[in-house]
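A.B. asks: what's the 3D shape of this:
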Amino acid sequence: MNNSTFFLVLRRMRAPIIALIVIYAISVCGLTLVPGVDATGRPAPPLSFFHAFYFISYTATTIGFGEMPNAFSDAQRLWVIVCIYLSVIGWSYSVITLIALLQDKGFQKTLTANRFMRRVRRLREPFYIVCGCGETGSLICRNFDRLGQAFVVLEKDEIRVEELDLLDFKTDTPALAADASLPDNLLLAGLRHPRCRGVLAVTNDEQANLGIAIAVRLLTPKLPVIARARSPSVTANLASFGTDHIISPYERFADHLALAIMAPERFRLIELLTSLPESPIPQVHRPPGGHWILCGYGRFGRAVGERLAETGITLTIIDPAGDPQAGHIAGNGTEADTLRAAGIATASGIIAGSDNDVNNLSIAVTASELKPALFVVVRQNHAANAPLFQAYGADFAMVPSHIVAHESIAILTTPLLARFLGEIRRADESWCHALVDRLHALCDGLTPTVWGICLNASEAPAARQALMHGRGIALRDALRDPSDRERMLPAIPLLIDRNDRLTLLPDDDFDLAAGDRILFASSLFTLNHIKLTLQNANALDYAIDGHADESGGWLWRKLRPANVPARR
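C.D. replies: Okay, the predicted model is just below:
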């Protein structure tokens, strides 16, 4: 890439450089042929090649110095006048060509790509490649930044890349305006970088997402890929290429709505665990059974209809292309007469699921006026319309970008969470309700941060070393405040994975072992304190027995209470 920039400059500046060389050569040769005069005014031989080149060098570059080694003859001065005008023309041509080169879009893209490539190459921490920075990608990037997770962005739209630079990120994120479905651009973004941990294909074009997933699978088969899909055909194609995680927002929301009807406490628990960290706790959803009205029977409507049918709910479908033989009602659902014909008087819920936000809001408002007690579910297609949907205040909102972002972040940042969610699908409602109450009390009205840590040399060196030397560490020791061991940190151990043997909600006296993987729910503040205890030998000694070494870094000396006895 650096060579291409160099050769591009040479190719565009070739004519000006040749022109300057010719002008300098003619000027120097002329001075070596035109006779001069000596100090007494007598004829003298022309300038030597060295003196001619020296004179032209400072004259043609407009520096000016004087006639040397003696005053020039009139013939020499006439030739110098010609050389001056020739050099001005040559340098003007060169400067104009250079300015045009710097303004050239292709050259600017090459420089940007070079700078992007160097920044990616200098990354020294694990990172993810985010392909697409629309509503979903921007949400993922903001939360990655909050969590301190490095990432690289590929986005086809230059305006969105420029907007990304305006976001108040903690780090200088490498971003390039390029088509992520092209393999060369993925390689440029660090696909084969040793620190690359995965790729998120979350563009608005599902064919581009398919191309990204295929490229990653062929170029780096072991690298995990999360791809966004809408249609069943693309979903099946992604699955055939072994894509690790395929997220269809329509299917996911349909699953969530059906689960909220059949097992509301389990749905509430899953919702809390997969929400973005430390965001406001979502409102409780208790959709009723009975008769529902579904407005819009596209891909989203079909997915929702299939799931709700499994729950025993009866549906009346309103669609502009409705089939009367199938019992559908033709219309948009924005008219009161259409809703009455669909049986809104006896309905317990309505789903405004078209691909038009204005129509969905119109359906919801009209339905609420006809029956205020109706449970209203709305589909929000664009994040820019969020203020309108918030002002309306639906009982349940479907936002595709949020669904994809939530699941992507949960999968990438906490791999253990997927196993925990798989286990709780067999739990009863009372167990889920008790855990939901505990999670509500953790973060003062905010959703908890769900995170995992492995007791190995890289993630928890102090804990691993102590365990390998036969020292016992109970789970409660990891939960002690490193500045006051008598105070327990507000955190819930959700799961411990020991050699694929899972322990759900382990007790505080659970004895840890090297290699254990632990899934916690806590605040970000508590997360940092628990990691300090497991990573710092002094903090761990204090948490276990109240003693600590005299040695240690300045951070531990700051945190250690004055009454803690030192281990000598």
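
A.B. asks: and stretch 422-436, end to end?
C.D. replies: 17 Å (Cα to Cα, to the nearest Å).

A.B. asks: one more: stretch 361-378?
C.D. replies: This stretch, stretch 361-378, spans 7 Å end to end (Cα to Cα).

A.B. asks: contact partners of it?
C.D. replies: The list of residues contacting stretch 361-378 from outside it, by Cβ atoms under 8 Å, 6 or more residues apart in numbering, reads 257, 287-288, 293, 295, 332-336, 339-340, 344-345, 347-354, 360, 388-389, 392, 394-398. Quick note: C-beta positions are derived from backbone N, CA and C, even for glycine.

A.B. asks: quick check: buried residues in it?
C.D. replies: Taking 16 or more other Cβ atoms under 10 Å as the basis for neighbour counts, the residues of stretch 361-378 that come out buried are 361-364, 366-368, 371, 374-378.

A.B. asks: likewise stretch 180-189?
C.D. replies: Buried residues in stretch 180-189 (16+ other Cβ under 10 Å): 180-183, 185-186, 188-189.

A.B. asks: need the max-distance pair from those.
C.D. replies: Ser181 and Leu188 (13.1 Å; Cβ to Cβ).

A.B. asks: re earlier: give me the subset of the buried residues of stretch 180-189 lying in helices.
C.D. replies: When helices are assigned by DSSP state H, the members of these inside them are 183, 185-186, 188.

A.B. asks: can you give me the strands in the stretch 151-300 of the chain?
C.D. replies: All strands of the stretch 151-300 of the chain, identified by DSSP state E, counting those that start in this stretch, fall at 175-177, 196-201, 225-228, 245-247, 291-295.

A.B. asks: single out the most deeply packed of those.
C.D. replies: Relative to the other members of those, strand 225-228 carries the highest mean neighbour count by mean count of other Cβ atoms under 10 Å, namely a mean of 29.

A.B. asks: quick one: mean pLDDT for that strand?
C.D. replies: Average pLDDT, strand 225-228: 92.

A.B. asks: likewise stretch 343-351?
C.D. replies: Averaging pLDDT along stretch 343-351 gives 94.

A.B. asks: same check on stretch 501-512?
C.D. replies: 93.

A.B. asks: how far does it stretch from one end to the other?
C.D. replies: Taking Cα to Cα, stretch 501-512 runs 13 Å from one end to the other.

A.B. asks: what comes into contact with that stretch?
C.D. replies: The list of residues contacting stretch 501-512 from outside it, by Cβ under 8 Å, 6+ apart, reads 419-420, 423-424, 435, 455, 463, 467, 472-476, 478-479, 492-496, 518.

A.B. asks: only whichever of these are buried, select them in ChimeraX.
C.D. replies: Buried members of the contacts of stretch 501-512, defined by 16+ other Cβ under 10 Å, are picked up in ChimeraX with:
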select :419,420,424,435,455,463,467,473,474,475,478,479,492,493,494,495,496,518
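
A.B. asks: out of the contacts of stretch 501-512, which sit inside helices?
C.D. replies: 419-420, 423-424, 435, 463, 467, 475-476, 478.

A.B. asks: now, which of these sits nearest Ile63?
C.D. replies: The nearest member of these to Ile63, counting by Cβ to Cβ, is Ala463 at 69.4 Å.

A.B. asks: after the longest helix seen in the chain comes which helix or strand?
C.D. replies: For the chain, the helix reaching the highest residue count under DSSP H is reported as helix 74-103. Taking DSSP states H and E as the definition, the helix or strand that follows helix 74-103 towards the C-terminus is helix 105-121.

A.B. asks: next helix or strand past that following helix?
C.D. replies: Downstream of helix 105-121, the first helix or strand assigned by DSSP H and E is strand 127-131.

A.B. asks: please save the CA atoms from that following strand in PDB.
C.D. replies: Included here for strand 127-131 are C-alpha records, laid out as PDB according to Å, rounded to 0.1, in the frame of the first residue of the first chain:
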ATOM      1  CA  PHE A 127     -10.100  -6.400  18.800                       C
ATOM      2  CA  TYR A 128     -13.200  -7.100  16.700                       C
ATOM      3  CA  ILE A 129     -14.000  -5.900  13.100                       C
ATOM      4  CA  VAL A 130     -17.400  -4.200  12.900                       C
ATOM      5  CA  CYS A 131     -18.700  -4.300   9.300                       C
END
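
A.B. asks: the next helix or strand after that strand - contacts with which helices or strands?
C.D. replies: If you walk from strand 127-131 toward the C-terminus, the next helix or strand you reach (DSSP H and E) is helix 135-147. Here helix 135-147 touches strand 127-131, strand 150-155, helix 158-166, helix 400-413, going by 3 or more Cβ pairs under 8 Å, 6 or more residues apart in numbering; DSSP states H and E.

A.B. asks: ok, and what's touching the third one?
C.D. replies: With Cβ under 8 Å, 6+ apart as the contact definition, helix 158-166 has outside contacts at 133-134, 138, 141, 153, 155, 173, 175-177.

A.B. asks: also the second one?
C.D. replies: Here strand 150-155 makes contact (Cβ under 8 Å, 6+ apart) with 120, 123, 125-134, 137, 140-141, 144-145, 161, 164, 171, 173-180, 185-186, 189-190.

A.B. asks: and for the last one?
C.D. replies: The contact list for helix 400-413, computed with Cβ under 8 Å, 6+ apart, reads 128, 134-136, 139-140, 143-144, 147, 149, 197-198, 200, 202, 224, 226, 228, 245, 247, 249-250, 252-253, 273-276, 381, 383, 417-418, 450-451.

A.B. asks: could you rerun that using 7 Å?
C.D. replies: Counting by Cβ atoms under 7 Å, 6 or more residues apart in numbering, helix 400-413 makes contact with 128, 135-136, 139-140, 143, 147, 149, 198, 200, 202, 226, 228, 245, 247, 249, 252-253, 274-276, 383, 417-418, 451, all of which sit outside it.

A.B. asks: out of these, which are buried?
C.D. replies: In these, the ones that pass as buried (16+ other Cβ under 10 Å) are 128, 135-136, 139-140, 143, 147, 149, 198, 200, 202, 226, 228, 245, 247, 249, 252-253, 274-276, 383, 417, 451.

A.B. asks: what residue is smack in the middle of the chain?
C.D. replies: Closest residue to the average C-alpha location of the chain: Cys141 at 3.1 Å, with Cα atoms, centre = their mean.

A.B. asks: domain map for this structure?
C.D. replies: The domain map for the chain lists 4-103, 123-247, 253-415, 450-559, with the assignment taken from automatic domain parsing.

A.B. asks: what about the helices in the stretch 251-400 of the chain?
C.D. replies: Across the stretch 251-400 of the chain, reading from the start of the chain, the helices by DSSP state H, counting those that start in this stretch fall at 264-274, 299-310, 336-341, 357-370, 386-392, 400-413.

A.B. asks: could the domains of the chain go into a markdown table alongside distance to Ala441?
C.D. replies: Rendered in a markdown table, the data for the domains of the chain read as follows (distance: least, Cβ to Cβ, whole Å):
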| stretch | distance to Ala441 |
| --- | --- |
| domain 4-103 | 58 |
| domain 123-247 | 22 |
| domain 253-415 | 11 |
| domain 450-559 | 8 |
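
A.B. asks: which one of the ones you listed lies closest to Lys109?
C.D. replies: Between Lys109 and the domains of the chain, the shortest separation by Cβ to Cβ is 7.9 Å, and it involves domain 123-247.

A.B. asks: and the end-to-end length of the closest one?
C.D. replies: Domain 123-247 has its terminal residues 28 Å apart, counting by Cα to Cα.
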